[in-house]
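# I'll drop the sequence and a predicted model, then ask my questions.
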Amino acid sequence: MGTTSGVTGDRPVPLVGCWLAWIAVNTGDQAGVMELLGLSSPQPVSFETGVDTVDGDGHGFSDEDPHDGYRRVFVTPELAGWTLVAGAWCDPVDAERAADVLAACERLSARYGRAQAYWYGAQTDGSAVLVAEQGVAVRRFGYVPGEETAHLELGAPLPYEQRRRAELGLPPLVSGRVDSEEQADAWVWELFELAPRLAGELSLDPGSVGPDTPVRGVGVLALTEYGRRPGAAR
């Protein structure tokens, strides 16, 4: 069984949302992760409060305040050896955030060995992944219907991608090769769920977190650089 996280009676709950972005770091050093990411003003919260806040912030963007959803993140306690940082600010293929998230994951993986960033739309809105190891981003790509992400792709297909292709009876991913229409359709359905499935393979699927997940520490809400800008709502 997992242990309590330090907030009275608190237990981890599944980390889910309509649109969920998160960074997974292979460490329990919550303070070190926040320092490398430039996060500040941590406020301890229950796991459920953190999850609800992230989900609500994901709906908060508007023409009047296009950066509103980037202002804070939920930093989990250590979960089975991983620390998750959740919030729209973590999106690896967002036009505003892609370059910074890439650099952040490289910094984190240089210190802790492995860091990954994901985005997942729970209603067949797509997936995006970024995998960094030992200070280098080894893979990034996304599938978001209606948005152009091909220019952000880097690195060779991961073993997980090739294995899933084989399990689906599809040919390996090879540079320059184009799937037939039927093959492309089959792969698209896999891509919709790629982020949580790959996270479950390489780190921790946030949707699988629950009361039995080993946990150490206290989750916090923390401000990003957007939350510290003059006039930002606290």
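Alright, I've got the coordinates.
# now name the helix or strand holding the nearest residue to residue 91 once chain neighbours are set aside.
Excluding its sequence neighbours, the residue lying closest to residue 91 (C-beta to C-beta, 6 or more residues apart in numbering) is residue 21, at 4.1 Å. C-betas here are computed from N, CA, C, even on glycine. Per DSSP states H and E, residue 21 falls inside strand 19-25.
# same for that strand, what does it pack against?
strand 83-86, helix 98-112, strand 114-121 (3 or more C-beta pairs under 8 Å, 6 or more residues apart in numbering; DSSP states H and E).
# so which elements touch the last one?
Strand 114-121 makes packing contacts with strand 19-25, helix 98-112, strand 126-133, helix 194-202 when contacts are defined by 3+ C-beta pairs under 8 Å, 6+ apart.
# hmm, who's touching the third one?
Okay, so that is strand 126-133. Applying C-beta atoms under 8 Å, 6 or more residues apart in numbering, the contact partners of strand 126-133 are 91-93, 101-102, 105-106, 108-109, 113-121, 137-145, 147, 149, 155, 158, 191-196, 198, 202.
# what is residue 130 paired to in the beta sheet?
residue 117, residue 140 (DSSP bridges).
# so who does residue 114 touch?
So, once contact is read as C-beta under 8 Å, 6+ apart, residue 114 ends up touching 25-26, 132-133, 202-203.
# relative to helix 194-202, how tilted is the lowest-mean-pLDDT helix or strand in the chain?
Within the chain, confidence by mean pLDDT, DSSP states H and E is lowest for helix 181-192 among all helices and strands, at a mean of 92. Helix 181-192 and helix 194-202 are oriented at 70 degrees to each other (axes from the mean of the first three to the mean of the last three C-alpha atoms, to 10 degrees).
# give me the buried positions along helix 181-192.
187, 190-192 (16 or more other C-beta atoms under 10 Å).
# next one: stretch 208-215
Those would be 209, 213, 215, for stretch 208-215 by 16+ other C-beta under 10 Å.
# return the member of the residues you listed nearest to residue 58.
Checking the buried residues of stretch 208-215 against residue 58 by C-beta to C-beta gives residue 209 as the nearest, at 17.5 Å.
# quick one: the residue sitting furthest away from the middle of the chain and residue 170, what's the gap?
Largest separation from the mean C-alpha position in the chain: residue 180, at 30.6 Å (C-alpha atoms, centre = their mean). In this structure, residue 180 and residue 170 are 10 Å apart, going by C-beta to C-beta, to the nearest Å.
# likewise residue 21?
From residue 21 to residue 170 the distance is 27 Å (C-beta to C-beta).
# same thing with residue 66?
38 Å.
# out of those two, which sits in the busier spot?
Per other C-beta atoms under 10 Å, whichever of residue 66 and residue 170 has more neighbours is residue 170, with 18 against 10.
# who touches that one in this structure?
So residue 170 contacts 179, 183, 186-187 (C-beta under 8 Å, 6+ apart).
# quick one: which of these is nearest residue 17?
Checking the contacts of residue 170 one by one against residue 17 (C-beta to C-beta), the nearest turns out to be residue 187, at 25.1 Å.
# who's in contact with that closest one?
165, 168, 170, 179.
# and those, which are buried?
Using 16+ other C-beta under 10 Å, the buried members of those are 165, 170.
# just for this protein, where's the confidence low?
For the chain, the stretches flagged by pLDDT under 70 are 1-9, 62-64, 231-234.
# dihedrals phi and psi, residue 169?
The phi/psi pair for residue 169 (degrees, to the nearest 10) reads phi 70, psi 30.
# report the separation between the closest residue to it other than its chain neighbours and residue 77.
Setting aside the residues directly before and after it, residue 169 is nearest to residue 186 in space (C-beta to C-beta, 6+ apart), at 8.0 Å. Separation of residue 186 from residue 77 (C-beta to C-beta) stands at 39 Å.
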